[in-house]
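Novice: sequence? don't have it. structure:
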């Protein structure tokens with residue numbers, strides 16, 4: 001879950017920068033593209049992992065208040 005949270009933060013910051021770049025003259029502030037743009041497969045993989053992290057985080061929250069030893073949180 002910690003990795004999912006980190007990837008969510010990365011994705012949110014990336015989309016925020018994309019939006020700001022579009023407001024300020026269409027600048028390309030997509031960090032994922034700038035870092036991995038030379039390797040499109042890796043860039044796509046990062047986007048997929050961010051999406052999966054969002055799903056894990058959304059549907060994995062039910063266990064957060066779990067007090068039993070069998071909880072895998």
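Specialist: Received, thanks. In this text, all values refer to a predicted model and were calculated from it rather than measured experimentally. Numbering: from 1, shown residues only.

Novice: Can you name the residues that contact residue 38?
Specialist: For residue 38, the contact set (C-beta atoms under 8 Å, 6 or more residues apart in numbering) is empty. Quick note: C-beta positions are derived from backbone N, CA and C, even for glycine.

Novice: next one: phi and psi at it?
Specialist: phi -70, psi -10 (degrees, to the nearest 10).

Novice: what's the spacing between it and residue 60?
Specialist: 33 Å (C-beta to C-beta, to the nearest Å).

Novice: Likewise for residue 53?
Specialist: 10 Å.

Novice: Between the two, point out the one with more neighbours.
Specialist: residue 53 (21 against 14; other C-beta atoms under 10 Å).

Novice: what's the offset of stretch 2-16 from the middle of its chain?
Specialist: 3 Å (C-alpha atoms, centre = their mean, to the nearest Å).

Novice: what does stretch 46-56 give?
Specialist: 6 Å.

Novice: how about that stretch: buried residues?
Specialist: In terms of neighbour count (16 or more other C-beta atoms under 10 Å), stretch 46-56 has its buried residues at 46, 50, 53, 56.

Novice: low-scoring stretches of the protein, by residue?
Specialist: Within the chain, the segments meeting pLDDT under 70 span 61-73.

Novice: any chance you could map the strands in it?
Specialist: Per DSSP state E, the chain has no strands. Nothing in it meets that criterion.

Novice: where exactly do the helices run in it?
Specialist: 2-23, 31-36, 40-59 (DSSP state H).
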